[in-house]
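1. Coordinates for the following, if possible.
(chains A and B)
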Amino acid sequence: MESETQNPNPKASKVETKPKMDSKDQSFKLQANNVDVFYGDFQAIKNISLDILERSITAFIGPSGCGKSTFLRLFNRMNDYIDGFHMEGEISLDKQDIYDPSIKVEELRKTVGMVFQKPNPFPKSIYENVAYGLRIQGIKDEDFIEKRVVESLKQATLFSEIKDDLDKQALALSGGQQQRLCIARALAVKPSVLLMDEPTSALDPISSGKIEDLVHELKKNYTIVIVTHNMQQAGRVSDNTAFLYMGELIEYGDTQKIFTNPEKDRTQNYITGRFG
Amino acid sequence: MSHLENEIKLLKDNILELMFLVKNQLEKGHRALDDFDEELAHEIIANEKRVDSLELTIDRDCENLLALHNPVAVDLRFVMAAFKINSDLERVGDHANSIANYITDFGAPVEEEIMKIMRIDEMYETSIKMMSNVFNAFITEDTDLARKVFKLDKKLNEINREVSSVTTKLIQKNIEETQNYLYLFSIIRKLERVGDLTKNIAEELIFYIEAKVLKHQKMKSKNNNGGNDS
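-> Sure thing, here's the model as predicted:
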């Protein structure tokens, strides 16, 4: 495909796996160690190791089918329901293996929230959408729920637009508002990690811009991992970028470096649109 | 070839055309001065419009590429380098034009002896050699060749440093020729600036090809710049 010499032994390939830390106080929130993922006989992820800094934004980029969404879903065990899914290696959150049998997936997902490509609000009111996660946790204190709903909607920069319409159907909102509602819903259960799988691909540029601004704001308190096909978006919002190709991690590092002077020819060819 | 690659190729072709034109302007200036060819000097002055027009075209190409294609990595470095090289070349063109204006003002050929003392030919040959090097380095993307201009630029600086005292002595000897000596002095100064601008172009080429920023860095050692000779 490219001029770059292929390493005959991918296990021995020297791909940087640790991003540069901004300060000594920062630590790794999520860590993948020698991860392989199979769907039946098909190997979707090949021996990926990668560390993600807390309170940072990490973008996964790569052509369709490269494994970036599969890799993202590993962090809140969303692949567990897929037929034939099998994983080897270790994924840890705050240095704890999240695939350990003692881990309760429901508890994990309180900490690791997810936002999908297409906004998926429930056919309920705006208020109830945000309150949903709290109610299924068994919280009954309505004052507490209301406070958290308002706080989450504010965090998602949606509150000022819909504060008089909290009882309105969520499905009546615009696509961009629905996506911010889904982010508010994810924030309501106080996660520390937000996974975003192409969160703006179904949105117009203005709505996408609002989500990007929001993501940038949320970085102060959350660790965010975002899958995107939009190179400019990856460049604009992320601190670190990982380029995946055919299930392998090709390059990982500072976004500025990746988009100005990548180490690998394959990364350069992909981000400059010469393949993929 | 993708749309972006096509646009980059067009930009590259336009830069090469401007580089070739500016190099020609310098070469014609040298000939016009040596042969006291006023017609050739007028041709240089007329060609300045082409330099300006190409500069505007390249500016617009760069702006369109940035706005419409959002280039990254090597493509972004190329557009950034092209933008600066364009401006440097236009200024080299301005200097060639100013020199042509001096030639039309001389009124009579310059004595060969005076040309020798002031090292005008050496200055011209070196600056044209530098321009040839960056021209070929741009075509072949050869950064070793681009680096050779750094050493050549030192020669221009050395001649430029001496020219004040040389000119003073000449004026003291023959005060009636003061005006022409001052023209020649100015030509040396202009060619020294041409050398600086050509050196900038070489640095931009290296930035584009190797992603290394050389400007404002002192050369670490004489042997480290790959410029044994050109």
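2. give me the low-pLDDT residue ranges for the stretch 101-250 of chain A?
-> Scanning the stretch 101-250 of chain A for pLDDT under 70 picks out no residues.
3. Flag every residue of it that's near chain B.
-> A:231-232, A:235 (CB under 8 Å from any CB of the partner chain). In short, each C-beta sits where N, CA and C put it, glycine included.
4. Tell me which stretches of the chain form strands.
-> The chain I'm using is chain A. With strands called from DSSP state E, chain A shows them at A:28-39, A:42-53, A:57-61, A:85-93, A:96-97, A:112-115, A:193-197, A:223-227, A:240-245, A:248-254.
5. what about the first one, average pLDDT?
-> The reference is to strand A:28-39. Average pLDDT, strand A:28-39: 96.
6. Show me what it pairs with in its sheet, parallel or antiparallel.
-> strand A:42-53 (antiparallel), strand A:85-93 (antiparallel) (DSSP bridges).
7. The fifth one too?
-> The sheet places strand A:96-97 alongside strand A:85-93 (antiparallel), with pairing taken from DSSP bridges.
8. mean confidence score for the strand it pairs with?
-> Taken as a whole, strand A:85-93 has an average pLDDT of 97.
9. Okay, buried residues for it please.
-> A:85, A:87, A:89, A:91-93 (16 or more other CB atoms under 10 Å in any protein chain shown).
10. Report how many residues lie close to A:S102.
-> The local packing of A:S102 (other CB atoms under 10 Å in any protein chain shown) involves 6 other residues.
11. ignore the last one, A:I136
-> So A:I136, with other CB under 10 Å, has 10 neighbours.
12. roughly how far apart are the closest residue to chain A within chain B and B:T143?
-> Nearest residue of chain B to chain A: B:A211, at 4.0 Å (CB to the nearest CB). Computed as CB to CB, to the nearest Å, the B:A211 to B:T143 distance reads 11 Å.
13. now B:T57
-> In terms of CB to CB, B:T57 sits 27 Å off from B:T143.
14. before we move on, what about B:N180?
-> B:N180 is 41 Å from B:T143, by CB to CB.
15. Same check on A:L203?
-> 43 Å.
16. and if you look at B:G195?
-> Taking CB to CB, one finds B:G195 at 19 Å from B:T143.
17. Among the two, which residue is more densely surrounded?
-> B:G195 (25 against 17).
18. The chain: helices as residue ranges?
-> Let's take chain A. A:68-73, A:105-111, A:126-136, A:142-155, A:159-162, A:175-188, A:205-218, A:231-237, A:255-260, A:265-271 (DSSP state H).
19. that's the other chain; I wanted chain B
-> Going by DSSP H, chain B shows helices at B:3-35, B:38-69, B:73-106, B:112-118, B:120-140, B:143-173, B:178-210.
20. For those, give me JSON lines that also has distance to A:S49 and mean pLDDT.
-> Supplementary listing: the helices of chain B in JSON lines, determined by distance: least, CB to CB, whole Å; pLDDT from 0 to 100:
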{"stretch": "helix B:3-35", "distance to A:S49": "33", "mean pLDDT": "95"}
{"stretch": "helix B:38-69", "distance to A:S49": "34", "mean pLDDT": "95"}
{"stretch": "helix B:73-106", "distance to A:S49": "24", "mean pLDDT": "96"}
{"stretch": "helix B:112-118", "distance to A:S49": "66", "mean pLDDT": "93"}
{"stretch": "helix B:120-140", "distance to A:S49": "40", "mean pLDDT": "97"}
{"stretch": "helix B:143-173", "distance to A:S49": "35", "mean pLDDT": "96"}
{"stretch": "helix B:178-210", "distance to A:S49": "30", "mean pLDDT": "96"}
